[in-house]
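Engineer: sequence below, structure please.
(one chain, ligands or ions: 1)
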Amino acid sequence: MGKRYLCGLDVEEIGELIKAGGFNHAQAVTVAGMFYKKGVPGLNETTRIPKSLKKYLYDVAQTGIYPPVKSEESADGTKKYLFISPEGKKFETVYIPEGKRKTVCVSTQSGCRMGCPFCVTGGYGFHGNLTARDIVNQVLGIPCHNEVTHVVFMGMGEPLDNPDNVLKAVRIFSAEWGMAISPRNITVSTVGITPAFIRFLRESECNLALSLYSPFSEERAGVVPAEKIYPVREIISIMAACQLSRKRRLSLAYIMIQGVNDTGNHLNELISLTRNTRIRVNLLPYHAVRDDDKRSSSEGRLQFFKHNLVMAGISASVRKSRGEDISAACGLLASGMR
Ligand code: SF4
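Structural biologist: Down below sits the predicted model:
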């Protein structure tokens, strides 16, 4: 049998792996902690792991970490990495430094099968789910992995279309035995797949961000085909009814397109959907893609929406755009991969 890859294993699996060599669960916790928090040097240099266990690991396992094949840096410091998995799947990862906050935006699939017509990733087609190893490697495999404070699942793919691998990766990112990133600093972004959405609410503590595009069902179905099977109103009522711990955040991401979804009617409907809930609304500028005549709403219009939402008692913010010059912004990943 070949050597197992440590990257992507949870503490129980590491425990199983070393149990055969006579080692115990507490030692599995140490191995997982050193590996996920400090990477390979942590594993090699620590004195907390006995030499006999290091030798055993060397015989039965390898790290499974692989580096990106290409990187680009934006004028604002955002970095985009292209990975090719050992199985040949291509996907991109974005590193966003903002003061003390260092965010990695990870992909969960190579391409996407949700078919949203405006999205470059969707246009790339679907080339398979990423494994938990591929997802965790997007943090461990980049140069600044020791500095990462936040992880957002907003890269290529629909995370809730690959729930087993995404939940496992979230566990490795957030567990004390893993990278120990607070679940409050981990956000999974989705167009909404109801059964998996409910599963995430139950099985993880991370934040969830639902991409809305339009508060009107028919209009939304024109840009998010998933709406026809999983109506967003149903998901918003599940979010509204959810008993949240105080710090967990459920939000709507609302990308604003001039003259399309930034009218007074849209604003009123957005208010009626979210009033008296703990759902936050994040307003984002639109990024025009190739051969696209749509334009982002102006900064003033974004601020006008925010003001009116806040006046209606709804928590709202305007998000700024990062990495647009290297196609690392929302909806633009995979633009250079064909
Ligand atoms: S917007 Fe998200 S769900 Fe839709 S095709 Fe693009 S990556 Fe997939």
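
Engineer: host element of His127?
Structural biologist: strand 126-129 (DSSP states H and E).

Engineer: after that strand, next one along is what?
Structural biologist: Strand 126-129 is succeeded, C-terminally, by helix 132-140 (DSSP H and E).

Engineer: give the other helices and strands that that following helix contacts.
Structural biologist: Applying 3 or more Cβ pairs under 8 Å, 6 or more residues apart in numbering; DSSP states H and E, one finds that helix 132-140 contacts helix 25-45, strand 79-84, strand 90-98, helix 163-174. C-beta here means a position set from N, CA and C on the backbone, and glycine is covered the same way.

Engineer: run through the neighbouring helices and strands of the strand holding His127.
Structural biologist: Using 3+ Cβ pairs under 8 Å, 6+ apart as the contact test, the elements touching strand 126-129 are strand 109-111.

Engineer: so the strand it packs on, near the ligand or not?
Structural biologist: No. Figure legend: strand 109-111 not in contact with the ligand (Cβ under 6 Å from any ligand atom); closest approach 7.9 Å.

Engineer: when you give positions from now on, start the count at 8
Structural biologist: From this message on, residue numbering opens at 8, which makes the last subject strand 116-118.

Engineer: state the mean pLDDT of the helix or strand just after that strand.
Structural biologist: Going down the chain from strand 116-118, the next helix or strand is helix 127-130, by DSSP H and E. Here helix 127-130 scores 84 as its mean pLDDT.

Engineer: quick check: residues of this structure near the ligand?
Structural biologist: Applying Cβ under 6 Å from any ligand atom, one finds that the chain approaches the ligand through Cys119, Met121, Cys123, Cys126, Thr128, Gly129, Gly164, Glu165, Val198, Gly338.

Engineer: just for the stretch 58-207 of the chain, where's the confidence low?
Structural biologist: By pLDDT under 70, the stretch 58-207 of the chain has no low-scoring segment.

Engineer: show me what contacts the residue nearest to Thr197 when sequence neighbours are not counted?
Structural biologist: Spatial nearest neighbour of Thr197, excluding adjacent residues (Cβ to Cβ, 6 or more residues apart in numbering): Leu167 at 4.7 Å. Leu167 makes contact with Val173, Val195, Thr197, Gly199, Ile200, Ala203, Phe204, Phe207 under the criterion Cβ atoms under 8 Å, 6 or more residues apart in numbering.

Engineer: what does Leu147 give?
Structural biologist: By Cβ under 8 Å, 6+ apart, Leu147 lies in contact with Cys14, Tyr43, Gly46, Ile72.

Engineer: what pairs with the helix or strand that contains Tyr261, parallel or antiparallel?
Structural biologist: For Tyr261, the host element (DSSP H and E) is strand 257-263. Within its sheet, and counting by DSSP bridges, strand 257-263 is paired with strand 214-218 (parallel), strand 287-292 (parallel).

Engineer: give me the contact list for the helix or strand following the last one.
Structural biologist: Think strand 287-292. For strand 287-292, the following helix or strand on the C-terminal side (DSSP H and E) is helix 306-318. For helix 306-318, the surrounding residues in contact (Cβ under 8 Å, 6+ apart) are 261, 263, 265, 269, 274, 277-278, 281, 288, 290, 292, 322-325.

Engineer: so what are the domain limits for this protein?
Structural biologist: Following automatic domain parsing, one gets these domains for the chain: 11-69, 77-333.

Engineer: which residue would you name as the spatial centre of the protein?
Structural biologist: Phe160 (0.5 Å; Cα atoms, centre = their mean).
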